[in-house]
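Trainee: need a 3D model of the following:
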Amino acid sequence: MPELPEVEVVRRGLDRFTTNRPIASAEVLHPRAVRRHEAGPADFAGRLAGRTVLAPRRRGKYLWLPLASSGGGPPEEALLTHLGMSGQLLVGEPDRAPEKHLRVRIVFADGGFDLRFVDQRTFGHLMVTDLAPDKVDGGLVPEPILHIAADPLEDAFDAEAFFRALRRRRTGIKRALLDQSLISGVGNIYADEALWRARLHWARPTETLTRAEAARVLEAAREVMSAALAVGGTSFDSLYVNVNGESGYFERSLDAYGRRDEPCRRCGTPIRRDEFMNRSSYSCPVCQPRPRRARY
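Mentor: Next up is the predicted model:
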């Protein structure tokens with residue numbers, strides 16, 4: 001699933017191609033792609049036609065395109081997107097052949113490019129939704145994601161509140177990092193990478209973390225996601241690409257995730273793979289020793 005760096009790459013690409021462009025029409029080719037839009041595909045398309053797209057925004061793994069208000073005031077609605085496991089937002093020439101798993105097509109009134117939502121597994125979704133004041137920084141965010149915490153690359157992220165929440169959770173540190181109501185944008189890949197950099201095992205109980213250790217995890221998460229963002233994110237296959245269809249290259253720089261039995265880049269010990277929440281967790285047995293008291 002695309003995590004914060006991958007979604008931010010897409011947001012930056014959309015900013016170049018879609019900002020301040022009027023929509024002529026929208027076409028839903030697979031109703032599952034707009035299943036969260038309760039009024040249905042026809043209403044979804046109708047609420048986009050004639051609207052102008054403003055600069056895209058992101059929080060964690062969610063991306064949205066604010067829609068200009070007719071009266072010229074602050075936007076009241078937005079096109080909200082979650083890419084799921086395999087969703088792609090692609091821009092290109094409107095007369096190109098339709099992609100195999102094309103689900104939604106948005107045509108702009110001024111020609112040149114269209115915007116397409118392609119999703120092989122149909123776990124992603126789009127919806128038109130109201131904007132509401134954000135509890136984090138007072139800005140406007142889509143109502144369905146008001147519960148999502150700030151992400152670690154936002155200025156509004158509160159490191160002290162993050163530490164206090166960790167101490168209250170009584171769970172494993174990796175499970176806490178994946179909790180989008182605590183810290184958004186971190187998924188399986190970057191949780192493993194941040195914990196490797198911070199030299200902490202994924203099952204370390206959060207209530208035992210010191211303030212310095214929590215700060216180390218947070219700084220590691222920021223470092224690794226910033227590094228991934230600089231090279232276009234992590235692409236293990238063709239299911240994650242940016243708006244031009246290009247893959248990211250951070251897979252080549254991963255220190256832990258997906259490197260089972262390969263030598264740790266710090267100490268040379270083979271990287272270990274553990275089962276975790278029906279997924280995998282990768283760590284170095286020496287650099288990240290398992291705690292005596294673990295939480296899963």
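
Trainee: which parts of the stretch 151-296 of the chain are strands?
Mentor: For the stretch 151-296 of the chain, applying DSSP state E, counting those that start in this stretch gives strands covering 272-276, 279-283.

Trainee: so for stretch 182-195, mean pLDDT?
Mentor: Per-residue pLDDT values over stretch 182-195 give a mean of 95.

Trainee: please compute how far that stretch lies from its chain's middle.
Mentor: Mean C-alpha position of stretch 182-195 versus that of the full chain (C-alpha atoms, centre = their mean, to the nearest Å) differs by 10 Å.

Trainee: same deal with stretch 84-102?
Mentor: In terms of C-alpha atoms, centre = their mean, the centre of stretch 84-102 is set 19 Å apart from its chain centre.

Trainee: what's that stretch in contact with?
Mentor: Outside stretch 84-102, the residues within contact range by C-beta atoms under 8 Å, 6 or more residues apart in numbering are 1-2, 10, 13-14, 17-18, 29, 63, 81, 83, 105, 107, 111-125, 239-241, 243-245. C-beta here means a position set from N, CA and C on the backbone, and glycine is covered the same way.

Trainee: about what we covered before: out of the strands of the stretch 151-296 of the chain, deepest packed?
Mentor: A comparison of the strands of the stretch 151-296 of the chain by mean neighbour count, using mean count of other C-beta atoms under 10 Å, puts strand 279-283 on top with a mean of 20.

Trainee: returning to what we had before: among the strands of the stretch 151-296 of the chain, which comes closest to residue 25?
Mentor: Evaluated over those, closeness to residue 25 peaks at strand 279-283, with 39.6 Å, by C-beta to C-beta.

Trainee: and the closest one, what does it pack onto?
Mentor: Strand 279-283 is packed against helix 188-198, strand 272-276, with contacts defined by 3 or more C-beta pairs under 8 Å, 6 or more residues apart in numbering; DSSP states H and E.

Trainee: list the pairing partners of that strand within its sheet, with orientation.
Mentor: For strand 279-283, sheet partners with direction are given as strand 272-276 (antiparallel), following DSSP bridges.

Trainee: and the strand it pairs with with helix 188-198, angle?
Mentor: 130 degrees (axes from the mean of the first three to the mean of the last three C-alpha atoms, to 10 degrees).

Trainee: tell me which element residue 100 falls in.
Mentor: Per DSSP states H and E: residue 100 is located in neither a helix nor a strand.

Trainee: measure it to residue 2 for me?
Mentor: 19 Å (C-beta to C-beta, to the nearest Å).

Trainee: ditto for residue 177
Mentor: 16 Å.

Trainee: likewise for residue 18?
Mentor: 18 Å.

Trainee: comparing these two, which residue is more hemmed in?
Mentor: residue 2 (28 against 24; other C-beta atoms under 10 Å).

Trainee: could you give the number of residues near the residue nearest to that one when sequence neighbours are not counted?
Mentor: Leaving out its chain neighbours, the residue that sits closest to residue 2 by C-beta to C-beta, 6 or more residues apart in numbering is residue 83, at 4.9 Å. Applying the criterion other C-beta under 10 Å, we find 25 residues in the vicinity of residue 83.

Trainee: for residue 83, give me the pLDDT.
Mentor: 93.

Trainee: let me know the pLDDT of residue 238.
Mentor: 53.

Trainee: what's the answer for residue 139, then?
Mentor: Listed pLDDT for residue 139 reads 89.

Trainee: between the strands of the stretch 151-296 of the chain, which gets nearest to residue 253?
Mentor: Of all the strands of the stretch 151-296 of the chain, strand 279-283 comes closest under C-beta to C-beta, at 14.3 Å.
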